[in-house]
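>>> Next comes the sequence, and after it the predicted model I'd like to discuss.
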Amino acid sequence: MPVNRRAINAFARDLFIMFAAVTLGTLQFIENSLPGPGAVRVPGRTIDVVILGGILIPTLALLAIDRLLAARDRSGRSARRFRMGVFAVALVLFCRQLQLYFGPVNALTSTLEAVPLLPVLAFAAVTAGIVVACRRYPEQLQQYFLMASPVALILVGLAFVHMSPKSELPGNYDTEAPQTGNPELPPVFLITFDELAFSLVSDDEGQPDASRYPNLAALADDSVWFTNATTNNFHTPLILPGFARAAAELRPDYDVVLYDQFSYVEELLWDECGTVYTCRGANHLAASGPSLTKQLLTRAFFEVPPADAKPLVGEVAGFLGYDHPYPHTDPLGIHTFMPETFDEFMSDIRAEEAGGTVYFYHPLLPHFPFVYSADGSLATTYDKGGDPEALWAAYEQQMMYTDSLIGRFVERLRSEGLYEDAIIVLTADHGLRRADTEVTEAIEITDETAHVPLLIKAPGLAPAVSDVDYQHMDYGATLLDIVGMEPAAGARGVSAFSEQRPQRDKMLFLGAANNTRHWVYRREPGTGAWEIIEYVETGLDTQGAPLAGVID
């Protein structure tokens, strides 16, 4: 049977045309969907699936529809109309990418946003112009996409090269740490929320606000609630590793499992994964299941509509089966909340295995971006530089969602018969930060940032309200005290339950972005204001203390 070279050439031409249209219309959305390595390390196979799934599958699907229409309508009219529609959508998406990722166009868009409806009208005008061009110059556009196909191939190749290096994980990461815990000991749950201010969850008298956060208030009723707890550091990576290493001091009596959702924190502990800790954070989820692929493609899809349309799109995505339709990461991909990690944390709490285990969970809630409503559905995102009242309202909504997770956690303990004997330490690394976290100079610190909630529940510990001067430097000593262990000689901090509380100032360290220097703040007892008392030309260690070097 002779080879029909004309048919083969026509098929190849059409394939390249569709490939170019899909690539130019979607590739930058896909690349931008990849979270920064500080959020999660994406496995190489996931990147391959995301790129191929976002480019190749739509290309083949569009080509199949195009060929089907051509076969059913010999005049070619249906196929031409379909192809012009594809070109129009590709060009509109290309313009949307310019708007989002190309600086001058983005700046122009921001200027247009100052006038009501003007951005909508401008977008409508651009879309109308593209539609007219597709109707009047179909052959020229077809030739354009054919000529652009080599460029599209190069761009896809560069995408693989650019995205893949972010996928490396240490070989020991997913290894189970040796099981040494004593099953007769009670389970310990160390939950540290992110960016949770004491003022958000408390009423005017400093008690948990039961009207807005009933689950937190109910847990506090069974715990010691601290009204004078403060952090010693502005940055999460200089707080959480110290907490995790405090948990590691409970070995070998306890096994320690980490569910940290901030990859950068995990990186500081990677050498101990598989030996000291069993690591089950964001990177574990990314490496062990298909969920991240779905999230990245969803995130790319959510880049397309304007902000005002995202809630509606989220509702549609939810109807189609996405329980959490928002892609869970902020625009830079630095922070992520994965409901799947919380679900895994819940499923791991089992009565037959909980004894002698420390569960360390850092869920990155209610940290910005404030994208969750109280019921966990998609909310409109808020810019930290925007309206303060709108910011606080969105912050409250996301905390209400967080409170529902606290309720699920307590209910899980009750259903497993673990609640009465469980040790629970619930706090936050720091409060709300309205300032840029890429610190290059001293900034204003307020109690909204430094004052954090803290509750501790343990067998034999009578519920109470405490106003002792707890600071996060006391976390390790307090934890050891609760479980009945002695801190090592020279350990930093004093247990919150010690009868010999020190007379000391409340301190806070603010490290520069590269952690080569820091500023020391002290809280004035009379006014409650945080004032700079020292500038130091050294960095800070992972417990927020001065260090003559860099992060260890």
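Received it, and whenever you're ready, just let me know what you need. Residues are numbered from 1 along each chain as shown.

>>> Can you point out the helix or strand that includes Ala20?
Element membership for Ala20 (DSSP states H and E) is helix 5-33.

>>> how about that helix: buried residues?
14-33 (16 or more other CB atoms under 10 Å). No exception for glycine: its C-beta is placed from N, CA and C like everyone else's.

>>> Over to stretch 360-379?
Here stretch 360-379 shows 360-374, 376-379 as buried, counting by 16+ other CB under 10 Å.

>>> same thing with stretch 398-409?
For stretch 398-409, by 16+ other CB under 10 Å, it's Gln398, Met399, Met400, Tyr401, Thr402, Asp403, Ser404, Leu405, Ile406, Gly407, Phe409.

>>> that older thread, and whichever helix or strand comes after the helix holding Ala20, how far out from the chain's middle?
Reading on from helix 5-33 to the C-terminus, the next helix or strand found by DSSP H and E is helix 44-51. Between the centre of helix 44-51 and the centre of its chain there are 20 Å (CA atoms, centre = their mean, to the nearest Å).

>>> which helices and strands does helix 44-51 pack with?
With contacts taken as 3 or more CB pairs under 8 Å, 6 or more residues apart in numbering; DSSP states H and E, helix 44-51 sits against helix 5-33, helix 138-163, helix 291-303.

>>> Which strands and helices lie in contact with the longest one?
Okay, so that is helix 5-33. helix 44-51, helix 57-72, helix 77-101, helix 138-163, helix 291-303.

>>> and the helix or strand hosting Trp225, average pLDDT?
Using DSSP H and E, Trp225 falls within strand 224-226. For strand 224-226, the mean per-residue pLDDT is 98.

>>> chain center to that strand: distance?
For strand 224-226, the distance to the chain centre is 28 Å (CA atoms, centre = their mean).

>>> Partner strands of that strand and their direction?
strand 454-457 (antiparallel), strand 464-466 (parallel) (DSSP bridges).

>>> who's in contact with that strand?
207-208, 453-457, 461-468, 470, 496 (CB atoms under 8 Å, 6 or more residues apart in numbering).

>>> what comes up buried for it?
Val224, Trp225, Phe226.

>>> Not counting residues beside it along the chain, what's closest to the last one?
In this structure, Phe226 finds its nearest non-sequential neighbour in Leu454, 4.1 Å apart by CB to CB, 6 or more residues apart in numbering.

>>> what's near enough to touch the one you found?
Taking CB under 8 Å, 6+ apart, one finds Trp225, Phe226, Ala229, Val425, Leu426, Thr427, Tyr470, Ala496 in contact with Leu454.

>>> List only those of those residues flagged as buried.
Trp225, Phe226, Ala229, Val425, Leu426, Thr427, Tyr470, Ala496.

>>> Now, the residues you listed that are in helices?
Assigned to helices by DSSP state H, none of these qualify.

>>> Mind putting those into a markdown table with distance to Tyr521?
Output for these, formatted as a markdown table (distance: CB to CB, whole Å):
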| residue | distance to Tyr521 |
| --- | --- |
| Trp225 | 25 |
| Phe226 | 20 |
| Ala229 | 16 |
| Val425 | 25 |
| Leu426 | 25 |
| Thr427 | 20 |
| Tyr470 | 17 |
| Ala496 | 21 |
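
>>> Name the residues of the helix or strand hosting Ala286 that are buried.
Ala286 belongs to helix 282-288 when elements are defined using DSSP H and E. Buried residues in helix 282-288, counted by 16+ other CB under 10 Å: Ala282, Asn283, His284, Leu285, Ala286, Ala287.
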